[in-house]
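J.: Quick one, fold the following:
(one chain, ligands or ions: 1)
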Amino acid sequence: MKPVTDELVWFNGKVMPLSQAKVGLEDRGFNFADGIYEVVRFYRGKTFTLAEHLQRLVRSAQAIQLIVPADIEDLARDVRQLITDTGIKEGMVYLQLTRGEAPRAHAFPEKSRPTLFFYARPLPEPWKPGRGEGCRLLSAVDDRWHKCWIKSLALLPNVLAKNHALSTGHDEAVFIHEGKVTECSASNIFCVRGGKVLTSPAGPKVLPGITRLVILKLAKKLGIPVEEKAVGRDEAIACDEVFISSTTRELNWVREWDGTTVDSGKCGPITRALHEAFVAEVKAETK
Ligand code: PDD
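T.: Prediction:
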């Protein structure tokens with residue numbers, strides 16, 4: 001792999017080596033986490049659900065009174081071009097938008113130029129459906145704000161919950177709000193009970209994940225019933241199957257939750273069927 005400094009970055013409209021792209025100490029993303037981001041997956045050098053990610057970027061930007069400082073069609077073209085220029089085949093694009101640099105004050109600056117950048121990084125191939133060891137989850141109090149539908153840079157509660165999970169031998173933290181399961185530190189969560197898929201509705205405590213969106217669409221196509229409903233923690237752990245989803249993980253089946261084995265420690269049939277359908281969808285879109 002090339003050293004990190006040799007990576008290319010698209011930075012405020014120009015492509016340059018990452019080492020040359022500089023942001024001032026007073027960038028509001030740095031001072032206030034005043035910004036948003038996206039993570040887009042690409043396979044065989046082709047983006048998956050790029051339009052959906054850019055639509056969510058626009059929605060997140062509007063929610064914090066920012067305007068994406070680029071035409072979305074042009075941005076999509078530039079994302080694809082950067083992937084081609086890097087030569088990376090399997091990976092992700094990280095895209096970040098902040099309110100830009102201004103003397104530190106809580107009030108929005110009268111004038112500031114937003115900082116927009118993205119780069120592409122390689123990712124290992126995701127687990128094939130049904131493979132891997134399965135995820136071990138740890139419950140965490142959902143102490144985040146109530147606008148989790150915005151893909152905000154302010155991820156400290158997620159970072160702390162994730163690291164607590166990792167340091168205690170788990171893979172991912174699941175947030176619990178007023179006894180109900182919301183989402184994980186960097187993924188959405190689904191349960192399967194009696195053949196029906198249950199997942200919390202997107203909103204104050206749940207990001208409208210793009211992978212989640214694709215899964216809901218595929219469930220419909222496969223005739224698998226879905227209910228968008230918050231489930232209690234104990235109820236969820238006792239479900240037949242549990243899986244989590246994100247752009248970087250695709251679908252990941254859950255083996256254990258708070259030390260209790262889920263679905264006899266195997267990947268269940270509905271999780272597997274949905275993951276197989278997901279892989280087929282990726283193939284169709286990125287061929
Ligand atoms: N995270 N919920 C949270 C809190 C997330 O951070 C993510 C993704 C998801 C899944 O969304 P999507 O399917 O659109 O990736 C749900 C990304 C991958 C990250 O922060 O790196």
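J.: Tell me how far residue 128 lies from the ligand.
T.: Counting by CB to the nearest ligand atom, to the nearest Å, the gap from residue 128 to the ligand is 19 Å. For the C-beta atoms, the positions are set from N, CA and C on the backbone; glycine is no exception.
J.: give me the number of residues near that residue?
T.: When neighbours are counted by other CB atoms under 10 Å, residue 128 registers 12.
J.: Chain neighbours aside, what residue packs nearest to it?
T.: Excluding the flanking residues, the one nearest residue 128 by CB to CB, 6 or more residues apart in numbering is residue 279, at 7.7 Å.
J.: And that neighbour, how close does it get to residue 237?
T.: Distance, residue 279 to residue 237, using CB to CB, to the nearest Å: 27 Å.
J.: So between these two, which is more surrounded?
T.: residue 237 (22 against 16).
J.: quick one: that one and residue 262 touch, right?
T.: Yes: here residue 237 lies in contact with residue 262, judged by CB atoms under 8 Å, at a distance of 6.5 Å.
J.: For the residue nearest to residue 141 when sequence neighbours are not counted, give the beta-bridge partners.
T.: Leaving out its chain neighbours, the residue that sits closest to residue 141 by CB to CB, 6+ apart is residue 176, at 6.5 Å. Per DSSP bridges, the residues bridged to residue 176 are residue 141, residue 181.
J.: check contacts around residue 176.
T.: Residues near residue 176 by CB atoms under 8 Å, 6 or more residues apart in numbering: 139-142, 182, 233.
J.: count of neighbours near residue 22?
T.: Using other CB under 10 Å, residue 22 is surrounded by 7 other residues.
J.: isn't there a strand covering it?
T.: No: counting by DSSP: H, G, I helix; E, B strand; the rest coil, residue 22 falls outside a strand, being coil.
J.: so how far is the ligand from the residue in the chain sticking out farthest from the centre?
T.: Within the chain, residue 110 marks the point farthest from the mean C-alpha position, 31.7 Å out by CA atoms, centre = their mean. Computed as CB to the nearest ligand atom, the residue 110 to the ligand distance reads 31 Å.
J.: and what of residue 48?
T.: Using CB to the nearest ligand atom, residue 48 is found at 11 Å from the ligand.
J.: And stretch 112-122, how far out from the chain middle?
T.: 17 Å (CA atoms, centre = their mean, to the nearest Å).
J.: Tell me which other helices or strands the helix or strand where residue 15 lies touches.
T.: Assessed by DSSP states H and E, residue 15 sits inside strand 14-17. Counting contacts by 3 or more CB pairs under 8 Å, 6 or more residues apart in numbering; DSSP states H and E, strand 14-17 is packed against strand 8-11.
J.: Not counting its own residues, what contacts the strand it packs on?
T.: Contact partners of strand 8-11, identified using CB under 8 Å, 6+ apart, comprise 15-18, 21, 78-79, 82, 85-86, 116-120.
J.: Many thanks, I have nothing further to ask.
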